[in-house]
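In: Got a sequence here, can you build the structure:
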Amino acid sequence: MAQSHRWAPVSPGDYDTFLGPIKSYGRFLMERGSWLEFQDLFVTADMVCEEKNSLTWAHILNTASLVESEKGHAEKAGPLIEEALRIRERLLPPDDMDLSDAYNNYGFMLLVESQEPQMMREAAKYFDMARLLDENTRMDTRSCTLDISIWERPMQCLGIMLRRNGSMRLGGTTQRKRTGEERTSWEVLVSVQEGKYEEAKALLQQCLEIQTRENATHAIVSATRMKLGLIAMASGKADQAILELEAARVISETNANGKGDHGDVARALRLLADAHRQRGDFEEAEKLHAEAEAIRRRVQGGRYHTLPDTYESYQLMVWSGYR
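Out: Model prediction:
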């Protein structure tokens, strides 16, 4: 019988020495949107490593939970982030930045699960916990061109929730000085709220240029193109909206295998249906609408019958950061 081989640490430090490169590379894959490759890496780490109470393992769990949230799978993300939180809360001081990262991801996971007011309040609680930690320890040199910084991320989500509840008050938020390439969603949100569509479009196009330069098929590129499509429709420019939304559909289809479902494709199809309807292409609109609903039924399963045919229901199939 062939002998099976399983790696195990022999001396102190072996475990973290093995997991260290996995931790770094896993984060890189997550940032690049390489979900399938990350899953292979995570399965390998889980299989060969027996001791799972270190901060390094908590970091990998935290990244794995964010990957599942990015794919729109709250039911898989939840246990991962809860275990990461358990380890970090036990091993770290209460003001450590890694706790902020975990609280932030937990809030995102809750927003993937539901957009009901109760869930949004619960998510806001975790974003606020992250914000309070980050305010005390944030680093001005931190930046990210694919997304807003870790410190700004909770504020973005709190801002979205304030606006959904009809409030324009920004709550006295203070953002760190940004470089010319960085953009939060605040300017876009305010511009759309005030009907300044051309201003919002210009800001999103700057985001798109940066995002595309980093990774043209990243899920956030699809999300930005969908926003541009929505703004075009709000401006009465159906042809322009269709161009943006077709590009978003192609990216979403490219990423569907790694995501594990076609939820983001359905979202692009649903918006395309509205754009074609606006242009007067009613037959094409009905075809796209039916295709989108068929995918949503498959992805949401039994939950499908409890959710109305609205854009908000389609949003639940993707991560809140890509809505």
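In: use CA for all of it now, contacts and neighbours both
Out: Noted.
In: So which elements touch the helix or strand hosting Ser69?
Out: Per DSSP states H and E: Ser69 is located in helix 55-70. Applying 3 or more Cα pairs under 8 Å, 6 or more residues apart in numbering; DSSP states H and E, one finds that helix 55-70 makes contact with helix 14-32, helix 35-48, helix 74-91, helix 97-113.
In: Reformat those as TSV; add mean neighbour count and distance to Arg323.
Out: Listed next are the helices and strands packed on helix 55-70 as TSV, based on neighbours: other Cα atoms under 10 Å; distance: least, Cα to Cα, whole Å:
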stretch	mean neighbour count	distance to Arg323
helix 14-32	17	17
helix 35-48	16	18
helix 74-91	19	15
helix 97-113	25	10
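In: Redo these as TSV? Include mean pLDDT and distance to Val67.
Out: Putting the helices and strands packed on helix 55-70 into TSV (pLDDT from 0 to 100; distance: least, Cα to Cα, whole Å) gives the following:
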stretch	mean pLDDT	distance to Val67
helix 14-32	77	6
helix 35-48	84	7
helix 74-91	90	8
helix 97-113	82	10
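In: nearest to His218, of the ones you listed?
Out: helix 14-32 (6.7 Å; Cα to Cα).
In: Not counting sequence-adjacent ones, nearest residue to Tyr314?
Out: Arg267 (5.6 Å; Cα to Cα, 6 or more residues apart in numbering).
In: returning to that earlier point: quick check: which of the helices and strands packed on helix 55-70 is nearest to Ala234?
Out: helix 97-113 (25.3 Å).
In: Please state the offset of the closest one from the chain centre?
Out: Relative to its chain's centre, helix 97-113 lies at 11 Å (Cα atoms, centre = their mean, to the nearest Å).
In: again, but for stretch 121-135
Out: In this view, stretch 121-135 has its centroid 17 Å away from the chain centroid, taken as Cα atoms, centre = their mean.
In: Buried residues, that stretch. List them.
Out: For stretch 121-135, the buried set under the neighbour-count rule, 16 or more other Cα atoms under 10 Å, comprises Arg121, Ala123, Ala124, Lys125, Tyr126, Phe127, Asp128, Met129, Ala130, Arg131, Leu133, Asp134.
In: Quick check: the third one vs Glu82, distance?
Out: With the distance defined as Cα to Cα, to the nearest Å, Ala124 ends up 17 Å from Glu82.
In: which stretches of the stretch 151-300 of the chain form helices?
Out: For the stretch 151-300 of the chain, the helices defined by DSSP state H, counting those that start in this stretch occupy 152-164, 186-193, 197-214, 219-234, 238-259, 263-279, 282-300.
In: pretty sure Asp134 contacts Asp101?
Out: No. With contact defined as Cα atoms under 8 Å, Asp134 and Asp101 do not form a contacting pair (9.1 Å).
In: The helices and strands packed on helix 55-70: which one's closest to Asp261?
Out: Checked against Cα to Cα, the stretch from the helices and strands packed on helix 55-70 lying closest is helix 35-48, at 12.2 Å.
In: could you dump the helices and strands packed on helix 55-70 to CSV with distance to Arg225?
Out: Below are these laid out as CSV (distance: least, Cα to Cα, whole Å):
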stretch, distance to Arg225
helix 14-32, 18
helix 35-48, 21
helix 74-91, 24
helix 97-113, 20
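In: Which one, of the ones you listed, ends up nearest to Met233?
Out: Comparing those by Cα to Cα, helix 97-113 comes nearest, at 25.4 Å.
In: Out of the helices of the stretch 151-300 of the chain, flag the one nearest Met47.
Out: Between these, helix 238-259 lies closest to Met47; by Cα to Cα that is 20.7 Å.
In: Mind listing residues that contact that closest one?
Out: With contacts defined as Cα atoms under 8 Å, 6 or more residues apart in numbering, helix 238-259 is touched by 34-36, 71, 217-219, 221-223, 225-226, 228-233, 262-265, 268-269, 271-272, 275-276, 278-279.
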